[in-house]
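Participant: have a look; sequence and predicted model below, questions after that.
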Amino acid sequence: MKTFLLLFSILLFTINGFCQQNQEKAENYIKQIDGRLDKAKEAIDKDCLAPETASKPVTWYLKGYIYAEIAKSEVLKKLSPNPAYESLQAIRQCKKLDAENNFESDCINVLFEIATLFYDKGISNYNNALKSSDKNLYTNALDGFKNYFETLETLGNDDKIVLHLLKYNNINSNAVNVYAGYSAMQLEDFSKAEMYFTKIVDLDSNQEPQKEKALPLAYIYYCNMLEKNGRVDKASKVIQQGMIFFPGNPEILMTAINLYKNANDIDMLTEVLSKAEGELPDNYPVLVNYSNSLLETAKLFEKRGYEATALNYLLKACEVLNKAVGIKTDEIQLIFLAANTHNNVAKIYFKRNDETNSAKFRDQAEALYLLLLMKKPDDKSMLFQIYNNLGAIYYKPAADIYSSQDKDRIEEYLALFKKSLPYFEEAHKLQPDNRQIMQLLRNLYLIFNEAVKADEMKAKLGL
């Protein structure tokens, strides 16, 4: 490592040494015109048009240098519509005319400057576009990234030097390909987006060199774009390679889950969910997405008639939701989802005559609903659902036992009815005109011989 740093330092020193003489020429050129870049621009523009100077590489180097300096100035940028790009064009012309490579190191210096400018333009517009979804910002970002790559191409065999320098400034060209691809994707220029993505994603290679330049976002964005365009088979290949290169990456796993869920590919979805179960960390956003995927997968299996499999996914969803609730105990919607999921599992077990598991999940659902009540949600509609669900947790199994007329279970259904009563009363306060709640309350009052209250509900019902 020390050897590399020493060689790299010598390389920079050598470049700077080569550049110094011609850079001084450029600075002297500006100084001769009162040190003003605007006047230097006027002068060099004339020199580039004059036959006696337009054929000299130094003229174009000077133009490249001056325009790069203008591009770096927020005040002077208005002197040219795109000074950085004009600098690039000028350096290209210098390299073309410089048969003896007298200005090679100077050109590298200028190209490094403008490559950084193009990158800064691209990344600034890209980040702002992510916040606002403004298409114009994506257009500007893509333009910056395109010019950045054009600058690297202009370097030819010297690009390795600048790539080292760019890396020193935390600029990753592979990441730029991803940003450019995503920008093109947002502008619905899918062929251009694919051009950038395939510089990172090579489906013909699973070798280590390919893995070294791979980036998770490339696989995620490319997969999403292919899916959007109906190319599900290729999207599957992309995300499969992503899972090979980045095992345990939560975003890649969630992308795969969503792909196969949307495609109704139960076999692949089951395989990825099984992988996710063992690899996903205790990360809150991931847990929320994972739980939603498990719930939707349970619905898919239920529609196909695989009730046992659907229940297994519901049980996993309960597990994941409990983890998520444990991480963020103030997320009301999540707690509500967790309570409803536990409630649904309790109902399934009750239908199977598995009272032990039914009671277990009823109690867990009740605990979650009560946790919600402690949060004092402002949404009255949600409050009503919470109280209604709390009442139903106990009323439904009690009603089923009552209907069976099993005399040995009288105490059991009475205990369940008694637990449901106060919850339905609270629900009634929130929706006093809800006829279903009034009928349930009348039934309960009759069961517990509360004739006055039963008659009150009867009157409200107009019976």
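Facilitator: Looks like it arrived, so ask away. All figures in this text were calculated on a predicted structure; none of them were measured in a lab.
Participant: can you get me a residue count around the nearest residue to residue 284 once chain neighbours are set aside?
Facilitator: Spatial nearest neighbour of residue 284, excluding adjacent residues (Cβ to Cβ, 6 or more residues apart in numbering): residue 327 at 4.8 Å. To be clear about C-beta, it is placed using only N, CA and C from the backbone, and glycine gets the same treatment. Burial of residue 327 is recorded as 13 neighbouring residues (other Cβ atoms under 10 Å).
Participant: repeat that for residue 324.
Facilitator: Residue 324 has 25 neighbours, counted by other Cβ under 10 Å.
Participant: now swap in residue 264 and tell me
Facilitator: By other Cβ under 10 Å, 10 other residues sit near residue 264.
Participant: now do the contacts for it.
Facilitator: Residues near residue 264 by Cβ atoms under 8 Å, 6 or more residues apart in numbering: residue 300.
Participant: now it, what's its secondary structure?
Facilitator: Here residue 264 is coil, with the state taken from DSSP: H, G, I helix; E, B strand; the rest coil.
Participant: for it, give me the backbone phi and psi.
Facilitator: Per-residue torsions, residue 264: phi 50, psi 30 (degrees, to the nearest 10).
Participant: hang on, the earlier thing: where does the residue nearest to residue 284 land on pLDDT?
Facilitator: Note on residue 327: pLDDT of 90.
Participant: list the contacts of it.
Facilitator: For residue 327, the contact set (Cβ under 8 Å, 6+ apart) comprises 282, 284, 287.
Participant: can you give me the neighbour number for the last one?
Facilitator: If I follow you right, that is residue 287. When neighbours are counted by other Cβ under 10 Å, residue 287 comes out with 24.
Participant: that one against residue 277, yeah?
Facilitator: No - Residue 287 is beyond contact range of residue 277, at 11.6 Å (criterion: Cβ atoms under 8 Å).
Participant: what about the nearest residue to residue 84 once chain neighbours are set aside, how many neighbours?
Facilitator: Spatial nearest neighbour of residue 84, excluding adjacent residues (Cβ to Cβ, 6+ apart): residue 71 at 4.0 Å. Residue 71 is flanked by 24 other residues according to other Cβ under 10 Å.
Participant: now residue 78
Facilitator: As a burial measure, residue 78 scores 11 neighbours (other Cβ under 10 Å).
Participant: again, but for residue 83
Facilitator: For residue 83, the number of neighbouring residues by other Cβ under 10 Å comes to 24.
Participant: and if you look at residue 238?
Facilitator: Burial of residue 238 is recorded as 27 neighbouring residues (other Cβ under 10 Å).
Participant: pull the number of nearby residues for the closest residue to it other than its chain neighbours.
Facilitator: Leaving out its chain neighbours, the residue that sits closest to residue 238 by Cβ to Cβ, 6+ apart is residue 223, at 4.7 Å. A total of 28 residues lie near residue 223 under the criterion other Cβ under 10 Å.
Participant: buried residues in the one helix or strand residue 223 maps to?
Facilitator: Applying DSSP states H and E as the criterion places residue 223 in helix 216-228. Applying a neighbour-count criterion of 16 or more other Cβ atoms under 10 Å, one finds 216-227 buried in helix 216-228.
Participant: let's have these in a markdown table, adding pLDDT.
Facilitator: Below are the buried residues of helix 216-228 laid out as a markdown table (pLDDT from 0 to 100):
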| residue | pLDDT |
| --- | --- |
| 216 | 93 |
| 217 | 94 |
| 218 | 95 |
| 219 | 95 |
| 220 | 96 |
| 221 | 96 |
| 222 | 97 |
| 223 | 97 |
| 224 | 97 |
| 225 | 97 |
| 226 | 97 |
| 227 | 97 |
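Participant: between those residues, which is closest to residue 429?
Facilitator: Of all the buried residues of helix 216-228, residue 429 sits closest to residue 224, with 47.2 Å by Cβ to Cβ.
Participant: hmm, residue 203 is touching residue 239, no?
Facilitator: No - using Cβ under 8 Å, residue 203 is not in contact with residue 239, being 11.0 Å away.
Participant: ok, and the closest non-adjacent residue to residue 135?
Facilitator: That would be residue 187: by Cβ to Cβ, 6+ apart, it lies 6.3 Å from residue 135.
Participant: gap between the one you found and residue 143?
Facilitator: 11 Å (Cβ to Cβ, to the nearest Å).
Participant: before we move on, what SS does the residue nearest the centre of the chain have?
Facilitator: By Cα atoms, centre = their mean, the chain has its centre lying nearest to residue 251, at 7.3 Å. Under three-state DSSP, residue 251 falls in the helix class.
Participant: ok, it to residue 130 distance?
Facilitator: Computed as Cβ to Cβ, the residue 251 to residue 130 distance reads 15 Å.
Participant: is it true that residue 234 touches residue 228?
Facilitator: No - using Cβ under 8 Å as the test, residue 234 is too far from residue 228 to be in contact (12.0 Å).
Participant: list the residues that contact residue 220.
Facilitator: By Cβ under 8 Å, 6+ apart, the residues touching residue 220 are 239, 242, 251-252, 255.
Participant: point out where the stretch 101-250 of the chain drops to low pLDDT.
Facilitator: Applying pLDDT under 70 to the stretch 101-250 of the chain flags the ranges 157-160, 162-163, 165-166, 205-212.
Participant: just the stretch 251-400 of the chain next, same as before
Facilitator: For the stretch 251-400 of the chain, the ranges with pLDDT under 70 are 281.
Participant: so where do the helices sit in it?
Facilitator: All helices of the stretch 251-400 of the chain, identified by DSSP state H, counting those that start in this stretch, fall at 266-279, 284-303, 307-327, 332-351, 355-374, 380-404.
Participant: so which of those helices gets nearest residue 47?
Facilitator: helix 284-303 (58.1 Å).
Participant: list the buried ones in that closest one?
Facilitator: Quick answer for helix 284-303 (16+ other Cβ under 10 Å): 286-298, 300-302.
Participant: pLDDT value on residue 76, please?
Facilitator: At residue 76, pLDDT is 84.
Participant: residues in contact with it?
Facilitator: 37-38, 69-70, 83.
Participant: distance to residue 150 added to these, as JSON lines?
Facilitator: Below are the contacts of residue 76 laid out as JSON lines (distance: Cβ to Cβ, whole Å):
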{"residue": "37", "distance to residue 150": "24"}
{"residue": "38", "distance to residue 150": "26"}
{"residue": "69", "distance to residue 150": "20"}
{"residue": "70", "distance to residue 150": "19"}
{"residue": "83", "distance to residue 150": "15"}
